[in-house]
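Peer 1: make a model of this:
(chains A and B)
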Amino acid sequence: MAETSVNYKCPNCSAPLVFQPGKDKVSCEYCGNEFAVSAIEELFQKEQERAARAAEAQEAKWATEQAGGQWAEEEAAVLRVCTCPSCGAELVCDGNTMATECVYCGNPTMIPRNFDGMLKPDYVIPFKKTKEEAMAALREFYKGKLLLPAEFKTQNRIEAIQPMYVPFWLFDSAVKAHAGFQATRVRVYETSDERVTETSYYDCERSGTMAFARIPVDGSEKMDDSYMESIEPFDYTEMVPFSSAFLTGFLADKYDVDAQASGPRADKRVEHSAVGVLEESVTGYDTVACQSSAVIKEGGEVAYAMAPVWILTTRYKGTPYTFMMNGQTGKVVGSLPSDKRKEVLYPAAVFLLVLPMLYYLAKWIFA
Amino acid sequence: MRKKIFMMLSVLVLTVLLPATVLAAASNLTVPQHAGSPVSSVVDQAKLLSDKQRQQLSAQIEQVERNHGVRIAVVTLQSLQGKEPGQAADAILDRDYADGAHGSMVLLLAMDTRDWYVSTDNSMRKRITDDGGFAYLSDAFLPSLKDGDYAGAFRQYVATADAMLDYYEEQGEPYDPASEFSLLAFIVAVVLAGLAAIGVWQILLCQLNNVTRAVAADSYLQRDSVALTEQSDTYLYTDVTRTPKAKSSSGSSSSGGSHGGGGGKF
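Peer 2: Just a heads-up that it's a prediction; the model follows:
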């Protein structure tokens, strides 16, 4: 986390440091370490600069107003919205493709009504994976799951899997990143009667610039962010300008989280990666730990896109379980219920199997 | 006058005979022989036991010997005269107590060097093994021996040997404490097996869900856009930790060919 204020403190124990005029070294009264005054001044000057930059970074905003466009009247006329009375999801489809069940909660009753507007996406990533491929992936996903209840598999709902375009905000950003790392070099040697460990501490300052392109953050509140982040990445080279023709035969979710609200999620991911890039340049040490960082967004463009997802939600004992497949790359993600009886049986079998072996092993060790 | 002469003669006889007896026992490491009768199972040359204790111990040993058809002896000496305790005990066993139908065993104590040694012949070795059985036997009497409770130590030595011989006759195999139920090992095994079961349970549960949040945006970083604008490393200080090395310790053990058992200091 970036700090916005700085105190002079001992790099070892964080106790306040007191400078004596005219001396070139300063000692920490708490841990007894001695530091060169010049090194401490340089260290905290950098800290102050970073604190100022962090304050600057907090003020930078994404240019969200450019994301999305307006529908032509004829486009809007053929669109319909199907609403789930159970969870409130609103799925957009063309007049010929009506949602038969809610992809989020599995509710089989969807209420159609006229399209009442939303931003028109800038881009769409077309589906590449067919329904057969999605069904095969789902069957494969079920394999080897020892705790999966048998009746869940035999419900034969695989064919109900649906293709849906999920609304995404794509964030482009160029950033300036600054980070201070504490690095150590450890030297261990032995004398005749003791082992000596010398740990040398260094302050490593790194700054750099870098750019990130099209970080996706899903714009649907109903869609679990973890699911969408799990089926990343998408291949943007196949992304094309949006046309309502892509909706034929597919569902599309209406975004209900705007770009401004989605921005912080992209910021967090950018900050994590930017600091990681700087950390990669701190080499030649045994340990490296980030002490503080500031990532300043210099440019922040946002686009609105639709990403293809095969999705199936099955209710089991009242709880919805969702399976998803990236409609472009085929990457699968999902959660499945567990059979409570098997949850007891398998670990119990392992317990009983290893208990005698461990008993004799322990007895042999303690003998 | 007659009394004086008698006393002088007694002193003379004792002066001549007693050292001769002690020296004979010490130098030859044999116990006093009684022609035509088996050597006593308790030879307390170091005078560690009272008469009553000696009698009680002899009775206890006699009972065990009768029950199991073995010879069990306790021999205490003031000195081994520089001989190895193991060799001395083996020699005493072979010379004086080798007539046990189902095996013989001698516990030898040397008071000047505070050595103890238990020697067993091959038959006894099958009943009280060198590996597990001997350790069990010695653990039974050594604490009392170290405390100076010699009568108690000898009682425990005989009683433990009796119990081990009983076990052999009932089970057909020598007693080995390693075959006993170990509560500590069981608790450790239960804890480890429990952890293994929890581990398996967690692995199986994890199989059911592969949903994970993305914390970074590495896939969207444009690698060719990365430019480092500042890179400075400043030495701060050095922390030195000194850990004393552990002192090594040594121990010894031995095993024989025709005799079993073992010994040490008390």
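Peer 1: buried set for the helix or strand where A:Val344 lies?
Peer 2: Using DSSP states H and E, A:Val344 sits in helix A:340-366. Using 16 or more other Cβ atoms under 10 Å in any protein chain shown as the burial criterion, the residues of helix A:340-366 that qualify are A:346-347, A:350-351, A:354-355, A:358-359, A:362-363. Every residue, glycine included, has its C-beta placed from N, CA and C.
Peer 1: strands along the stretch 201-350 of chain A, start to end?
Peer 2: A:240-241, A:251-253, A:287-316, A:319-326, A:332-334 (DSSP state E, counting those that start in this stretch).
Peer 1: just for chain B, where's the confidence low?
Peer 2: Scanning chain B for pLDDT under 70 picks out the ranges B:1-37, B:247-257.
Peer 1: then chain A?
Peer 2: Applying pLDDT under 70 to chain A picks out residues A:1-8, A:19-22, A:54-61, A:77-78, A:95-100, A:114-117, A:155-156.
Peer 1: contact partners for the closest residue to A:Asp225 other than its chain neighbours?
Peer 2: Distances taken as Cβ to Cβ, 6 or more residues apart in numbering or on different chains place A:Asp218 nearest to A:Asp225, at 6.0 Å, with adjacent residues excluded. Listed by Cβ atoms under 8 Å, 6 or more residues apart in numbering or on different chains, the contact set of A:Asp218 reads A:166-169, A:225, A:228, A:257, A:262.
Peer 1: so which of the residues you listed are in helices?
Peer 2: A:225, A:228, A:262 (DSSP state H).
Peer 1: with neighbour count added, can I get those residues in a markdown table?
Peer 2: Shown next, in a markdown table, are the ones in helices among the contacts of A:Asp218 (neighbours: other Cβ atoms under 10 Å in any protein chain shown):
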| residue | neighbour count |
| --- | --- |
| A:Asp225 | 17 |
| A:Met228 | 24 |
| A:Ser262 | 26 |
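Peer 1: nearest to chain B among the residues you listed?
Peer 2: Closest approach to chain B among the ones in helices among the contacts of A:Asp218 (Cβ to the nearest Cβ): A:Asp225, at 7.0 Å.
Peer 1: that older thread, farthest-separated two in the buried residues of helix A:340-366?
Peer 2: Farthest pair in those (Cβ to Cβ) is A:Tyr346 and A:Lys363. Separation: 26.6 Å.
Peer 1: neighbours of residue 92, just the number please.
Peer 2: In the absence of a named chain, this looks at chain A. 23 (other Cβ atoms under 10 Å in any protein chain shown).
Peer 1: I was after chain B.
Peer 2: 25.
Peer 1: how much space between it and B:Glu84?
Peer 2: 12 Å (Cβ to Cβ, to the nearest Å).
Peer 1: cool, A:Tyr346 as well?
Peer 2: A:Tyr346 is 60 Å from B:Glu84, by Cβ to Cβ.
Peer 1: wait, A:Arg206 touches A:His178, no?
Peer 2: Yes. The pair A:Arg206 / A:His178 is scored as a contact, 7.4 Å apart, by Cβ atoms under 8 Å.
Peer 1: re the thing from before, just the contacts of A:Asp218 now: which is nearest B:Asp51?
Peer 2: Using Cβ to Cβ, these come closest to B:Asp51 at A:Asp225, 92.9 Å.
Peer 1: the strands in the stretch 1-150 of chain B, which residues?
Peer 2: Using DSSP E, counting those that start in this stretch, strands in the stretch 1-150 of chain B cover B:42-44, B:71-77, B:104-110, B:115-120.
Peer 1: what's the closest of those strands to A:Ile40?
Peer 2: strand B:115-120 (67.8 Å).
Peer 1: same for the closest one, what does it pack against?
Peer 2: helix B:85-96, strand B:104-110, helix B:132-147, strand B:260-265 (3 or more Cβ pairs under 8 Å, 6 or more residues apart in numbering or on different chains; DSSP states H and E).
Peer 1: coming back round to it: so which of the buried residues of helix A:340-366 are also by chain B?
Peer 2: By Cβ under 8 Å from any Cβ of the partner chain, the members of the buried residues of helix A:340-366 lying near chain B are A:346-347, A:350-351, A:354-355, A:358-359, A:362-363.
Peer 1: looking at those residues, which is nearest B:Gly264?
Peer 2: Distances from B:Gly264 to those, taken by Cβ to Cβ, are shortest for A:Lys363, at 24.8 Å.
Peer 1: for the nearest residue to that closest one once chain neighbours are set aside, what are phi and psi?
Peer 2: Take A:Lys363 and drop its neighbours on the chain: the residue closest to it by Cβ to Cβ, 6+ apart is B:Ala185, 4.0 Å away. Backbone torsions of B:Ala185, given as degrees, to the nearest 10, read phi -60, psi -40.
Peer 1: ok, now which ones touch B:Ala185?
Peer 2: A:359-360, A:362-363, A:366.
Peer 1: equivalent analysis for B:His102, please.
Peer 2: Contacts of B:His102 (Cβ under 8 Å, 6+ apart): B:68-70, B:123-124, B:127, B:165.
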